[in-house]
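Chemist: Show me the folded form of this:
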Amino acid sequence: MKHRPRPEEQDDLLRPRLTDLIDGRHALVKLAGLIDWEVFERQWAGFFPSGKGRPATEPRLVAGLLYLQHAYRLSDEAVVARWVENPYYQHFTGEVFFQHRPPIDPSSLTRWRGRIGEEGVEWLLTQTILAGQKSGVINEDSVKRVAVDTTVMEKNIAYPTDARLYERARDQLAMLAKEAGVDLRQSYARLAPRLALQVGRYAHAKQFKRMRKALKRLKGYTGRVMRDLRRHLEDIPEGGLRDRIIAKLALVSQLLHQQPKGADKIYALHEPEVDCISKGKARVRYEFGCKVSVTTTLDEGIVVGMRSFAGNPYDGHTLKEALEQVKILTDQRPELVVVDRGYRGHGVEATRVLISGTRRGLTPKLTADLRRRSAIEAEIGHMKTDGRLSRCPLKGTVGDAVFAVLNACGHNIRRVLAHLRAWFAWIIAVLCTPEIPPNRSYLAQDAA
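Modeler: You can find the predicted model right below:
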C-alpha cells in the first residue's frame, strides 16, 4: 500500500519538534512506544491492491485516531478536532512537528472502517494485547484463563412502534416515486402524519380500540402507496433507481405482512438486521441491537476477544467462535473458561469450561476462579459507560462487528494508560517523599 510520506526532520530546521514541546513521561508518549505501528502498514496493505490514484492516508494516523476515538469516547468529528488542539494526540499518531490543520476529513475514517473490515480492526486489538503485556498489565499466561459473557450492543435507532414504521415506509415510497417521476393516485402526505400522531395519543389515553382502528387505517395507507408504485414499476428504466425501488418495495411488503410475534421482524427500515433481545433486566425489558460476546482475562480483565452475532443466537452456541477468535488474536488456546449458566450445552470439548453453580469436584483454586467470573460484568459496564458500547452508530452487520472490536481496543487502551499513570505516580511519590527523621523522644522512652 502506498501512502503519503511524512516530511523529513531536516525539511524544517527552524520549527520545534513535538518531542521538545511535550513531556516524555506522559502516558500517551509511553504507549506510543509500546505499539508496533509497522504492523498496520504490512497487514493493511492487502486492502489497497491498486497502486493508482491519490496516495492513501498513512496507516499509523488512522490506527492512532481509531485508538484515541474509542479510548476517550469521541465521534469521528470530535477526535479530528481534538487532534488539532492536542500535541500528545499528534505525537501518538506519529507527527514530527505540531500541525495546525486537520490531517484528514472525518469521513475518511468511515471509508477506512469499511475497507479494512473486521479482519483489519482485529489487528488493532492484537496490538493492544501486546502493549498490555509489554507494560506489565497482563502476563503471557493470563490468556490461558479467561471469562466469557454476552451483552447487547444497542443500535442507533428510535424505539420501534408500528405507527412510526408505517408512516416512515409510506414517506420513503412517496419520495422514491417523486424521484422516479411517478404520479401516485394519492400519497397521503396530509392524512398519514396526522393519523400517526393520533395513534400515539390513543395509546397514551389507553383507548386501545381506537388505537388499533387508526393503526389499521394507517397500514392501509402505506399498502395503497406500495401497490400504486408497484404498478408503475414497468415504466421506470433500468438502473440504480429501479433497483432501489424494488428493494424498498420488498422491505415494505415484509413490514406489512409480518406477524406481531413472528421471526425476522423489521424494527427499523434503515437497519433491518436489528434484533429484539431480552436479557432479563428489570429496568429494560427489551433491547434492540445485536448480541456481543466478550472474552476477558480472568485475573486482569483485559479484553482478548470480542465478536458480534446477528440473529440473537443462544449464548452456548457462541462460545466456540469466541474461543477461536482468542486463539487467532493471541496464538494461544485458553485452557480454562469460566461462564454463567446461560452457556449450558455449549458443546466445547478442547477447553475446560466451568459453569456458575458447579460445586462438585472442584479444587479450592477452581472455586476461587468460578467466583471471579462476575468480574467480567464490571468490565462490560465500563465499556458501556466509559466507552461507546452502549450504542452502535455504524450501519449493517459489518458495522456491528467492526464497532464491537474497536470498543475492545478502547477498553484495553484505557487500562494500559491507567497502569502507566499509576506507575509514574508511584515513582514520583518514592523519589519526592522526604525522609522523616526518627523522633528521639520516643526512642528515649523506649530505652527507659
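Chemist: List the contacts of Y72.
Modeler: 79, 82, 410 (Cβ atoms under 8 Å, 6 or more residues apart in numbering). To be clear about C-beta, it is placed using only N, CA and C from the backbone, and glycine gets the same treatment.
Chemist: What about those, which are in helices?
Modeler: In helices, judged by DSSP state H, the following of the contacts of Y72 are found: 79, 82, 410.
Chemist: which of those count as buried?
Modeler: Neighbour counting with 16 or more other Cβ atoms under 10 Å marks 79, 410 as buried within the ones in helices among the contacts of Y72.
Chemist: Show the pLDDT at the spatially closest residue to P103 that is not a sequence neighbour.
Modeler: Using Cβ to Cβ, 6 or more residues apart in numbering and skipping the chain neighbours, the partner closest in space to P103 is L61 (5.8 Å). Predicted confidence (pLDDT) for L61: 94.
Chemist: Which element, helix or strand, includes L61?
Modeler: If you go by DSSP states H and E, L61 is part of helix 59-71.
Chemist: for L354, same thing?
Modeler: Secondary structure from DSSP H and E places L354 in strand 352-355.
Chemist: Next secondary structure after that strand?
Modeler: Downstream of strand 352-355, the next assigned helix or strand under DSSP H and E is helix 364-371.
Chemist: Please give the centre-to-centre distance between the helix or strand just after that following helix and its chain.
Modeler: Per DSSP H and E, the first helix or strand lying C-terminal to helix 364-371 is helix 375-385. Using Cα atoms, centre = their mean, to the nearest Å, the mean C-alpha position of helix 375-385 is found 14 Å from that of the whole chain.
Chemist: go on, stretch 259-274?
Modeler: 22 Å.
Chemist: 38 is where my numbering starts, stick with that
Modeler: With 38 as the first residue, the last one maps to stretch 296-311.
Chemist: which residues touch that stretch?
Modeler: 192, 194-195, 197, 202, 205-206, 209, 288, 291-292, 295, 312-313, 325-327, 347, 432-434, 437.
Chemist: got the buried residues for that stretch?
Modeler: For stretch 296-311, using 16+ other Cβ under 10 Å, the buried residues are 302-306, 308, 310-311.
Chemist: Run through the protein and note the low-pLDDT ranges.
Modeler: When residues are selected by pLDDT under 70, those of the chain lie in 38-50, 87-88, 90, 460-485.
Chemist: can you give me the strands in the stretch 338-485 of the chain?
Modeler: Per DSSP state E, counting those that start in this stretch, the stretch 338-485 of the chain carries strands over the ranges 340-346, 373-376, 389-392, 428-429.
Chemist: To G169, which of those strands lies closest?
Modeler: Proximity to G169 (Cβ to Cβ) singles out strand 340-346 among the strands of the stretch 338-485 of the chain, at 9.4 Å.
Chemist: and the closest one, what other elements does it pack with?
Modeler: Here strand 340-346 touches helix 144-172, strand 182-192, strand 324-334, helix 352-367, helix 433-469, going by 3 or more Cβ pairs under 8 Å, 6 or more residues apart in numbering; DSSP states H and E.
Chemist: looking at those, which is closest to L373?
Modeler: Nearest of those (Cβ to Cβ): strand 182-192, 4.7 Å.
Chemist: Mind giving me the packing neighbours of the closest one?
Modeler: Using 3+ Cβ pairs under 8 Å, 6+ apart: strand 182-192 touches strand 324-334, strand 340-346, helix 352-367, strand 373-376, helix 412-422, strand 428-429, helix 433-469.
Chemist: mind putting those in CSV, distance to L213 included?
Modeler: Formatted as CSV, the helices and strands packed on strand 182-192 follow (distance: least, Cβ to Cβ, whole Å):
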stretch, distance to L213
strand 324-334, 25
strand 340-346, 31
helix 352-367, 38
strand 373-376, 47
helix 412-422, 37
strand 428-429, 27
helix 433-469, 21
